[in-house]
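sequence? don't have it. structure:
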């Protein structure tokens, strides 16, 4: 990216002119211009600059509640695995049984794969409880809000669910699926063992995973089946799709003939398409990291041959039907870990790097005395030409994953970005604090200064 361009006072003044302060005292009033802009879209994507910041989850919850309650949004899709999200979906819709007596118990039981804190946290618990309460007032099932997971990591959990659910509706088809999925048996539900096996046996279980998916997609959902077992068939088909795509993901990791990141993004996009098709007039909200929802064409991802769902959705449905809302912070604390599958840590987030978007927005707030600790910028409305020009230079934008070392901020954790082209709106919070994991006490005394990165 090279050195960042200098910033003029005119840029600071334009940021100040366009800034809309927000606070928790009257969030609906403060968010009104943002909601007016994004509520017209078919898909609203709400980002985050980390996977462990309280304020990002809190503001996404508030925005989502307004969109669901007042603007006809009926689906929340998150950067999480499909199977545990289905447990949450049953809980909030009262469809099927749940052994959990509370949202807190449900999240702690359901989200067991590391990093557990991404969805087993107090902030998301509040969203789940609100959705359950909202649905309790909706007798028409089609008007209820539902929750789904977009990610591809649940290979062996999805195999087990396919076999269990298909056995309920078509025992013969279940036997065929069991025969094909037996290819995975030697790996004892261990993704790492399967990954290692692909080095010696490159054919792996690719054909078997595809065969089960094709067989299940042929399963006709007639009116009688839809009334009794339609959700079961839909869930089995999606889990078979996950098995096929997860197998492709691990294959890409080994052979590199296709970027594993792109396999994951393509699966997320395939899932979004499916969710938009399954319910008439569906309007959908996404919660995922900025690296997933910010248009890849306005970052260095394009040069690297990578895509993401933010750009793919814009390309397919048109920019008028999509709203991408990025989030950023100047400093604070965050929940993350120092290594993959490591302990939960509360880490310091240092001040934004010189020349980064975080730094210039912070400097604008200081110089122009923008009130409060948080505000947003609308980047694509009819009066946004100046702000688009000011915020379309290549600069770093902070990106913290589940693995994080603050001491390395000088060399990493920033994505080269043209901010005004990456998002339709950007929410800036000066100082943020770590989210609150359920059932876990983060180590507060590790790295005080200081697999994938987990974005």
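Nice, I can see it. Just so you know, these numbers come straight off a predicted model, no measurement behind them.

make it CA atoms for all contacts and neighbour counts henceforth
Will do.

which residues sit in contact with residue 353?
359, 409, 410 (CA atoms under 8 Å, 6 or more residues apart in numbering).

of these, closest to residue 134?
Using CA to CA, residue 359 comes nearest to residue 134 of these, at 39.4 Å.

out of everything not next to it in sequence, what's closest to the closest one?
residue 352 (5.1 Å; CA to CA, 6 or more residues apart in numbering).

Please, which helix or strand holds that neighbour?
Assessed by DSSP states H and E, residue 352 sits outside every helix and strand.

Tell me the helices and strands packed up against whichever strand or helix holds residue 346.
Under the criterion of DSSP H and E, residue 346 resides in strand 345-349. Helices and strands touching strand 345-349, by 3 or more CA pairs under 8 Å, 6 or more residues apart in numbering; DSSP states H and E, are strand 322-336.

and the angle from the strand it packs on to strand 345-349?
Counting by axes from the mean of the first three to the mean of the last three CA atoms, to 10 degrees, strand 322-336 lies at 110 degrees to strand 345-349.

List the pairing partners of strand 322-336 within its sheet, with orientation.
With DSSP bridges as the test, strand 322-336 is paired with strand 43-46 (parallel), strand 345-349 (antiparallel), strand 425-432 (parallel).

Check the contact between residue 11 and residue 390; I expect there is one.
Yes - counting by CA atoms under 8 Å, residue 11 touches residue 390, with 5.8 Å between them.

So for the strand or helix carrying residue 60, what gets flagged as buried?
Counting by DSSP H and E, the element that carries residue 60 is helix 54-71. By 16 or more other CA atoms under 10 Å, the buried positions in helix 54-71 come out as 54-61, 63-68, 71.

Find the nearest non-adjacent residue to residue 82, please.
Nearest to residue 82 is residue 149, by CA to CA, 6+ apart, at 4.2 Å.

quick one: pLDDT of that neighbour?
Per-residue confidence for residue 149 comes out at a pLDDT of 99.

Wait, it touches residue 78, no?
Yes - the criterion here is CA under 8 Å, and residue 149 meets it with residue 78 at 5.2 Å.

What is the lengthiest helix in the chain packed up against?
For the chain, the longest helix by residue count, based on DSSP state H, is helix 223-255. On a contact count with 3+ CA pairs under 8 Å, 6+ apart, helix 223-255 meets helix 155-169, helix 191-200, helix 206-217, helix 260-278.

Give me the packing partners of the shortest one, helices and strands only.
So the one you mean is helix 191-200. Contacts defined by 3+ CA pairs under 8 Å, 6+ apart place helix 191-200 against helix 223-255.

Taking their axis directions, the helix it packs on and helix 206-217 sit at what angle?
Using the same axes, to 10 degrees: helix 223-255 against helix 206-217 is 160 degrees.

Now do stretch 362-374, average pLDDT.
For stretch 362-374, the mean per-residue pLDDT is 97.

For residue 242, see how far away residue 188 is.
Using CA to CA, to the nearest Å, one gets 18 Å for the distance from residue 188 to residue 242.

what residues does stretch 152-162 touch?
With contacts defined as CA under 8 Å, 6+ apart, stretch 152-162 is touched by 81-83, 181, 189-191, 236-237, 239-240, 242-243, 245-247, 264, 267-268.

which one of the buried residues of helix 54-71 is nearest residue 378?
For the buried residues of helix 54-71, the closest approach to residue 378 (CA to CA) belongs to residue 63, at 14.8 Å.

show me the contacts for that closest one.
Contacts for residue 63 (CA under 8 Å, 6+ apart) come out as 31, 35.

gap between it and residue 201?
Distance of residue 63 to residue 201, given as CA to CA: 48 Å.

and residue 313, which of the strands paired with strand 322-336 is closest to it?
Closest to residue 313 of the strands paired with strand 322-336, according to CA to CA: strand 43-46, at 8.2 Å.

Could I get the contacting residues of residue 61?
Taking CA under 8 Å, 6+ apart as the test, what residue 61 contacts is 124, 127.

Any regions of the chain where pLDDT drops low?
Residue ranges of the chain with pLDDT under 70: 1-4, 96-97, 220-230, 257, 440-441, 444-455.

Who are the contact partners of residue 208?
Contacts of residue 208 by CA under 8 Å, 6+ apart are 180, 181, 183.

Quick check: closest non-adjacent residue to the first one.
Setting aside the residues directly before and after it, residue 180 is nearest to residue 208 in space (CA to CA, 6+ apart), at 5.1 Å.

so how far is residue 81 from that neighbour?
Look at residue 208 and residue 81: by CA to CA, they are 22 Å apart.

Quick one: the helices in the stretch 1-150 of the chain, in order.
Using DSSP state H, counting those that start in this stretch, the helices of the stretch 1-150 of the chain run over residues 9-18, 27-38, 54-71, 82-93, 103-110, 122-136.

so which of these gets nearest residue 166?
That would be, of these and by CA to CA, helix 82-93, which comes in at 15.2 Å.

which secondary structure elements does that closest one contact?
Packed on helix 82-93, when contacts are counted by 3+ CA pairs under 8 Å, 6+ apart, are helix 103-110, helix 122-136, strand 146-149.

close enough to count as contact, residue 419 and residue 387?
No - if you go by CA under 8 Å, residue 419 and residue 387 don't touch, sitting 10.1 Å apart.

who has more neighbours, these two?
Set side by side, residue 419 and residue 387 show more neighbours around residue 419, with 26 against 21, by other CA atoms under 10 Å.

Relative to residue 51, how far out is that one?
Remark: distance between residue 419 and residue 51 (CA to CA) = 20 Å.

tell me the secondary structure for residue 411?
Assigned with DSSP: H, G, I helix; E, B strand; the rest coil, residue 411 falls in the coil class.

Measure how buried residue 5 is and give me the count.
By the criterion of other CA under 10 Å, residue 5 has 11 neighbours.

distance between stretch 113-120 and the chain's centre?
Centroid separation between stretch 113-120 and its chain, computed with CA atoms, centre = their mean, to the nearest Å, is 13 Å.

Please work out which residues outside it touch it.
Contacts for stretch 113-120 (CA under 8 Å, 6+ apart): 51, 52, 80, 104, 107, 108, 111, 341, 402, 436, 437, 438.

Make a PyMOL selection of the buried ones in the residues you listed.
Of those, the buried ones go into a single PyMOL selection, burial set by 16+ other CA under 10 Å:
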select buried, resi 51+52+80+104+107+108+111+402+436+437+438
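
In TSV: the contacts of stretch 113-120, plus distance to residue 138.
Shown next, in TSV, are those (distance: CA to CA, whole Å):
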residue	distance to residue 138
51	32
52	32
80	26
104	23
107	23
108	27
111	27
341	40
402	37
436	30
437	30
438	29
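
quick revisit: CSV please, covering the contacts of residue 208 and showing distance to residue 378, secondary structure and neighbour count.
Conversion of those to CSV gives the following (distance: CA to CA, whole Å; DSSP: H, G, I helix; E, B strand; the rest coil; neighbours: other CA atoms under 10 Å):
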residue, distance to residue 378, secondary structure, neighbour count
180, 51, helix, 17
181, 49, helix, 21
183, 51, helix, 15
